[in-house]
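S.K.: pasting the structure only:
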């Protein structure tokens, strides 16, 4: 009964990732855990070595250590659309209502301010959208 999980009939869920940019410059990576409960932010080592590196937020200081949170870190959660725009985005983009990471990947390239989040690789699939 060896082999990778996919070989035993179970699907392997690839973690979804997003590239975090500040003023168009890549500064780090967001990665969702396979069980989709935790999100880790890690600054890029090249960015940390730059003399002009600044944190994406005062609440996310420059560090070589990853920051893991249950769900999205509040800084990234505050980049999400709210109210009627959130409802419209969820419907148009076919993202599950409780999939904040998927919504961030789908809308994060057009955030207000200097921070942008874009999917790393092909746009990941959101968990099944519940019937309305």
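M.R.: Nice, I can see it. Predicted, not measured: the structure shown is a model, and the values here were computed from it. Residues are numbered from 1 along each chain as shown.
S.K.: buried ones in stretch 45-52, by neighbour count?
M.R.: The neighbour-count check on stretch 45-52 (16 or more other Cβ atoms under 10 Å) flags residue 47 as buried. In this view, the C-beta of every residue, glycine as well, is placed from N, C-alpha and C.
S.K.: for the protein, what spans make up the helices?
M.R.: When assigned using DSSP state H, the helices of the chain occupy the ranges 45-49, 74-77, 83-93, 100-107.
S.K.: my guess is residue 56 contacts residue 20, does it?
M.R.: Yes - under the criterion of Cβ atoms under 8 Å, residue 56 makes contact with residue 20 at 6.3 Å.
S.K.: what does the lengthiest strand in the chain rub up against?
M.R.: Criterion DSSP state E: the longest strand present in the chain is strand 25-32. With contact meaning Cβ atoms under 8 Å, 6 or more residues apart in numbering, strand 25-32 is reached by 15-21, 38-44, 47, 53, 56, 76, 101, 104, 117, 120.
S.K.: what about the closest residue to residue 111 other than its chain neighbours, how many residues close to it?
M.R.: Take residue 111 and drop its neighbours on the chain: the residue closest to it by Cβ to Cβ, 6 or more residues apart in numbering is residue 79, 4.7 Å away. Using other Cβ atoms under 10 Å, residue 79 has 18 neighbouring residues.
S.K.: what are the phi and psi values at residue 79?
M.R.: phi -80, psi -10 (degrees, to the nearest 10).
S.K.: how much space is there between residue 44 and residue 57?
M.R.: Separation of residue 44 from residue 57 (Cβ to Cβ, to the nearest Å) stands at 16 Å.
S.K.: er, residue 71 actually
M.R.: 16 Å.
S.K.: count of residues packed around residue 35?
M.R.: If you count neighbours by other Cβ under 10 Å, residue 35 ends up with 8.
S.K.: report pLDDT for it.
M.R.: The score at residue 35 is 91. That number is its pLDDT.
S.K.: I'm done for today, thanks for sticking with me.
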